[in-house]
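>>> Give me a model of this one.
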Amino acid sequence: MTGNVSTAYRFDLFEPSTKGQVNGTAAPKIKQPVKPHLVPKKPRSKSAVIREEKAARVYTVKLLVVSVVMILLVGSLLFGRVKIMEINAETEALAAQYKEAQSENVRLESEVKAMCSINNIAAYAEEKLGMIKKDCYQVNYFSVDDGAQGD
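Predicted coordinates for the structure are as follows:
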């Protein structure tokens, strides 16, 4: 072997080739592809044609039924989601009304407590009804014997 050529690496494969040659040899001519030979279809009997048409109709009906079922499922899912949203909106509205009623209840309870306080009752009795507080001398005590009974 010569010093310029290495058996491990063939660098001459990467060198540019001359026109129409690959690595110093003439390029092979490209063959035209062979056109396929079409095989004629076998003639089918009438019963085979009818069976195929029937199978195609059955397939079409099955496809339509599956499509309708899928559309109904999607529709029912959407309807359910809409109903859930409506119920959630109604629940939120009722919760707001409940909170409002609770605050109104607290206000009314505090108003009732204020009206029922001893000071307010005494003031109302003195001002509106003309009542006055009793004094010690206005109280009379009666003693009753244990044996005395009324007829």
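
>>> alpha carbons only for contacts and neighbour counts from here, please
Fine.

>>> Helix, strand or coil: sort out residue 140 for me.
coil (DSSP: H, G, I helix; E, B strand; the rest coil).

>>> quick one: the strands in the protein?
In order along the chain, the chain carries the following strands (DSSP state E): 21-22, 25-26.

>>> mean pLDDT lowest for which of those?
Here the strands of the chain differ in mean pLDDT, and the lowest is strand 21-22 at a mean of 53.

>>> for this protein, which spans come out with low pLDDT?
Counting by pLDDT under 70, the low-confidence segments of the chain come to 1-7, 16-28, 147-151.

>>> Can you tell me the centre-most residue of it?
Nearest to the centroid of the C-alpha atoms of the chain, with distances taken as C-alpha atoms, centre = their mean, sits residue 81, at 7.0 Å.

>>> Quick check: the gap between that one and residue 74.
Taking C-alpha to C-alpha, to the nearest Å as the criterion, residue 81 is separated from residue 74 by 11 Å.

>>> what about the helix ranked longest in the chain, distance to the chain center?
With secondary structure taken from DSSP state H, the chain has its longest helix at helix 46-115. Counting by C-alpha atoms, centre = their mean, to the nearest Å, helix 46-115 is centred 11 Å from the centre of its parent chain.

>>> same thing with stretch 45-55?
When distances are taken as C-alpha atoms, centre = their mean, stretch 45-55 is centred 49 Å away from the chain's centroid.

>>> CA-only coordinates of that stretch in CSV, if you can.
As requested, the backbone C-alpha atoms of stretch 45-55 are provided in CSV (Å, rounded to 0.1, in the frame of the first residue of the first chain):
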residue,chain,number,x,y,z
SER,A,45,-72.5,-11.9,-9.3
LYS,A,46,-75.8,-10.0,-8.6
SER,A,47,-76.1,-11.6,-5.2
ALA,A,48,-72.6,-10.4,-4.3
VAL,A,49,-73.4,-6.8,-5.4
ILE,A,50,-76.7,-6.9,-3.4
ARG,A,51,-74.8,-8.2,-0.4
GLU,A,52,-72.2,-5.4,-0.7
GLU,A,53,-75.0,-2.7,-1.1
LYS,A,54,-76.8,-4.1,1.9
ALA,A,55,-73.6,-4.1,4.0
